[in-house]
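>>> Model the following, please.
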Amino acid sequence: MTELTLYRARAVLGLAIALSSAGSFCQTAPAEADHRLSVKDCVRTAMERNPTTAAMLHSGRGALARVGLNESAYWPTVDVTGSLQRSYSEPGGGASRSGLLLNSATSTSDNATLSAQYTIWDSGQRKAAVQGAQANYQASDANYISAVQNLAQSVETAFYALQGAQWALEVAKDTLKQADFQLDMAKARNDVGLVPRSDVLKAATAQADSRLSVIQAEALLSTSRSSLATYMGLSSDSDLQIEPANREFTPPQLPDWASNWVRAQSDLPEIKAAFQNTESFRYAYLGAKAAYRPTVTANGTAGLFDAGTWPNRQEWSASVTLRVPIFTGFARKYLALQAQEVWESSKSDLQSTVLVAERSAYAARIALNEAIEAVPAAEAYVASAQENSDVADGQYKNGLGSMLEVNDALAALSSAKYRLISARLSVATAMIAWRRATGVDLLEGVELPSIVPQRPEGEKKP
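Residues are numbered from 1 along each chain as shown. Down below sits the predicted model:
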């Protein structure tokens, strides 16, 4: 493999690695046409169409239903029962005192009963169940927010990957144009006997390599566009056009660690979800302990009974029942122990979630610092490579250089431009990763379907 090809391979590989980890910092330039999509447009479409958010939304609403299910224990239960009975009895084998045979008999009866039951006091079992369900709902809500934030990060990453692929294609085309010029120049000089035939062959090889880079850049562009469309919930062959991002920007200052991490601990949805999971298990433990205590229920029935005679018989009853659990074969003891251990385990999971989040945030800050520092170095690299290429072209025109030097200089310039694209995109992606890792809202005003508790019309909380 020639040195020229190695230059190209490193450049394309470096760009591909940068684009595969892409995200959102660069400000977008004004849209050139109405159909061009901004980052916010892409995120909004993804929130509306991507099935991931819909799945999490329905999961959260299912958790909300469990809250209502547990709250129903505060209401009395009322049942209505009724029956209609027709009976027949054969005559007996003996005779009556008058000597006559007993006749067969039929009878019809019906009754209707209204019964109600209400738990007056259950030592806090209902309260623990409701609070546990509410904590589960809050955890589901936090997981939903986490999912949509991850999706927003992926969309923004794909958006800038697409932007980077467009820039890479421009670089590849510019390089091919320069390679075409150099081939023409070598042919012209060879025609008049100023350079050997080998210079034409070297220039042709460089041109073929540049043409291959254009093909690879076009494929990368198509792949990047397809990836963005998929995240947005669109078909892979969608012809998305995005607003061009600003190439020339001043890298930001490195954010402060301490203040941002303090905010992240209260704003990160993953930490919120882990905390609410811990709360749900705590309430489950309290409910298991409450099973040791007495319960008081009120019962009442009222009904009518008709056996085919007049008048109908009315019946009613009312009672209050005290239930005191004495011995259940140690079942309550082990249920409470199990609930306590699950609660303790969830507290450890919460601590682990915080540690993982802290590690991710600190790693994101390190990556952002590296990306910020890489931009001026990459800009200096491009400037130096451009000057070297200009010098090589000038020397060759004046018969002082070789085509190999010209090709190497062009390959170095192309590689430097790819490196600068990667460096600028790395700032964008690292800033997105940093914002996500520290709990910053990536939706930026994009509205989401709500899973806020909404009760059926007319229903009130007991």
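
>>> Which parts of the stretch 51-200 of the chain are strands?
Assigned by DSSP state E, counting those that start in this stretch, the strands in the stretch 51-200 of the chain fall at 77-89, 105-121.

>>> Summarise which helices and strands the longest one is packed against.
Counting contacts by 3 or more Cβ pairs under 8 Å, 6 or more residues apart in numbering; DSSP states H and E, the secondary-structure elements packed against strand 105-121 are strand 77-89, strand 295-306. (Each C-beta comes from the backbone N, C-alpha and C, glycine too.)

>>> returning to that earlier point: just the strands of the stretch 51-200 of the chain: most buried one?
Mean neighbour count, computed with mean count of other Cβ atoms under 10 Å, is highest for strand 105-121 among those, reaching a mean of 14.

>>> Given that one, what are its sheet partners and their directions?
The strands that strand 105-121 pairs with in its sheet are strand 77-89 (antiparallel), strand 295-306 (antiparallel) (by DSSP bridges).

>>> now the next helix-or-strand element following the last one, how far from the chain's geometric center?
Okay, so that is strand 295-306. Proceeding N to C from strand 295-306, the next assigned helix or strand is strand 313-323, under DSSP states H and E. Offset of strand 313-323 from its chain centre (Cα atoms, centre = their mean, to the nearest Å): 54 Å.

>>> Strand 313-323 pairs with which strands, and in what direction?
strand 295-306 (antiparallel).

>>> Please identify which helix or strand holds Glu444.
Using DSSP H and E, no helix or strand contains Glu444.

>>> Number the chain from 422, please
New numbering, starting at 422: the last item is Glu865.

>>> Hmm, it is touching Lys461, no?
Yes. Proximity of Glu865 to Lys461 meets the contact threshold set by Cβ atoms under 8 Å, at 6.2 Å.

>>> Comparing those two, which residue is more hemmed in?
Per other Cβ atoms under 10 Å, whichever of Glu865 and Lys461 has more neighbours is Lys461, with 19 against 13.

>>> how about the more buried one, secondary structure?
At Lys461 the chain is in helix, as set by DSSP: H, G, I helix; E, B strand; the rest coil.

>>> Kindly provide the distance from it to Asn828.
44 Å (Cβ to Cβ, to the nearest Å).

>>> closest one to Ala757 among the strands paired with strand 526-542?
Ala757 sits nearest to strand 716-727 of all the strands paired with strand 526-542, at 16.5 Å, using Cβ to Cβ.

>>> list the contacts for Arg618?
Asn611 (Cβ atoms under 8 Å, 6 or more residues apart in numbering).

>>> Which strands and helices lie in contact with the helix or strand harbouring Leu771?
Taking DSSP H and E as the criterion, Leu771 maps to helix 752-818. Contacts defined by 3+ Cβ pairs under 8 Å, 6+ apart place helix 752-818 against helix 546-612, helix 678-688, helix 690-711, helix 824-858.

>>> from those, which stretch is densest packed?
helix 824-858 (a mean of 25).

>>> before we move on, the earlier item: tell me which of the helices and strands packed on strand 526-542 lies nearest to Ala837.
If we rank those by Cβ to Cβ, the stretch that ends up nearest is strand 498-510, at 77.1 Å.

>>> re earlier: export the helices and strands packed on helix 752-818 to JSON lines and tack on mean pLDDT and distance to Ala638?
What follows is those, written out as JSON lines (pLDDT from 0 to 100; distance: least, Cβ to Cβ, whole Å):
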{"stretch": "helix 546-612", "mean pLDDT": "90", "distance to Ala638": "4"}
{"stretch": "helix 678-688", "mean pLDDT": "94", "distance to Ala638": "37"}
{"stretch": "helix 690-711", "mean pLDDT": "93", "distance to Ala638": "37"}
{"stretch": "helix 824-858", "mean pLDDT": "91", "distance to Ala638": "10"}
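
>>> Same list (the ones you listed) but as CSV, adding distance to Val621.
Output for these, formatted as CSV (distance: least, Cβ to Cβ, whole Å):
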stretch, distance to Val621
helix 546-612, 5
helix 678-688, 58
helix 690-711, 61
helix 824-858, 8
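
>>> quick one: which of those helices is nearest Arg470?
Nearest to Arg470, of the helices and strands packed on helix 752-818 and by Cβ to Cβ, is helix 546-612 at 10.7 Å.

>>> Run the angle between the closest one and helix 824-858 for me.
For helix 546-612 against helix 824-858, the angle by axes from the mean of the first three to the mean of the last three Cα atoms, to 10 degrees is 170 degrees.

>>> Tell me the helices and strands packed up against helix 546-612.
Counting by 3+ Cβ pairs under 8 Å, 6+ apart, helix 546-612 packs on helix 424-441, helix 460-470, helix 472-492, helix 618-652, helix 690-711, helix 752-818, helix 824-858.

>>> From the centroid of this protein, which residue is nearest?
Nearest to the mean C-alpha position of the chain, counting by Cα atoms, centre = their mean, stands Ala568 at 1.9 Å.

>>> Just give me the neighbour total for the closest residue in space to that residue that isn't next to it in sequence.
In space, Ala568 comes closest to Met477 once its chain neighbours are excluded; the distance is 4.5 Å by Cβ to Cβ, 6 or more residues apart in numbering. Residue neighbour count, defined by other Cβ under 10 Å, stands at 20 for Met477.

>>> mind checking how far Met477 is from Arg547?
Distance from Met477 to Arg547, by Cβ to Cβ: 29 Å.

>>> what bits of the chain have low per-residue confidence?
422-455, 512-526, 728-732, 870-883 (pLDDT under 70).

>>> closest to Gly724 out of the helices and strands packed on helix 752-818?
Between the helices and strands packed on helix 752-818, helix 546-612 lies closest to Gly724; by Cβ to Cβ that is 28.7 Å.

>>> Now do the closest one against helix 460-470, angle only.
130 degrees.

>>> quick check: angle from helix 546-612 to helix 690-711?
Using the same axes, to 10 degrees: helix 546-612 against helix 690-711 is 160 degrees.

>>> quick one, what contacts Tyr558?
Tyr558 touches 481, 484-485, 487-488, 874, counting by Cβ under 8 Å, 6+ apart.

>>> Name the SS class of the nearest residue to Leu615 once chain neighbours are set aside, please.
If the residues on either side of it in the chain are set aside, Leu615 comes closest to Gly820, at 6.3 Å by Cβ to Cβ, 6+ apart. Classification of Gly820 by three-state DSSP places it in coil.
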